[in-house]
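**Student:** After the sequence you'll find the predicted model.
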Amino acid sequence: MMDEYQKKINELNKEPDEKKLWNCIVAFQGYPFETVSGLPFSYTLKRGRNGELTKELWVDRRENSKSLA
């Protein structure tokens, strides 16, 4: 999976545009990030009624916490 992440990042760095940025955002759903202060978080994108991804990003900062839109 790391190869796929790196591929998306390389594509974005080579030719930055909105579509490549969106591809990175989609690819990194669920990836374990850390805030500047070292707190863990991840995110997911909400799916609409038709099953397609919306542009609503849900952040989960703690295990078993409620997500914020």
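**Tutor:** Sure, I can see it.
**Student:** just for the protein, where's the confidence low?
**Tutor:** For the chain, residues meeting the criterion pLDDT under 70 lie at 62-69.
**Student:** just the helices in it please.
**Tutor:** Assigned helices in the chain, in chain order: 2-14, 18-27 (criterion: DSSP state H).
**Student:** Next, format these as JSON lines and append distance to residue 39 and mean neighbour count.
**Tutor:** No exception for glycine: its C-beta is placed from N, CA and C like everyone else's. Supplementary listing: these in JSON lines, determined by distance: least, CB to CB, whole Å; neighbours: other CB atoms under 10 Å:
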{"stretch": "helix 2-14", "distance to residue 39": "21", "mean neighbour count": "12"}
{"stretch": "helix 18-27", "distance to residue 39": "20", "mean neighbour count": "13"}
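**Student:** quick one: which of those is nearest residue 40?
**Tutor:** Across those, the minimum distance to residue 40, taken as CB to CB, is reached by helix 2-14, at 17.3 Å.
**Student:** and that closest one with helix 18-27, angle?
**Tutor:** If you take axes from the mean of the first three to the mean of the last three CA atoms, to 10 degrees, helix 2-14 sits at 160 degrees to helix 18-27.
**Student:** And helix 2-14, how far out from the chain middle?
**Tutor:** In terms of CA atoms, centre = their mean, to the nearest Å, the centre of helix 2-14 is found 13 Å from the chain centre.
**Student:** Nothing else from me, thank you.
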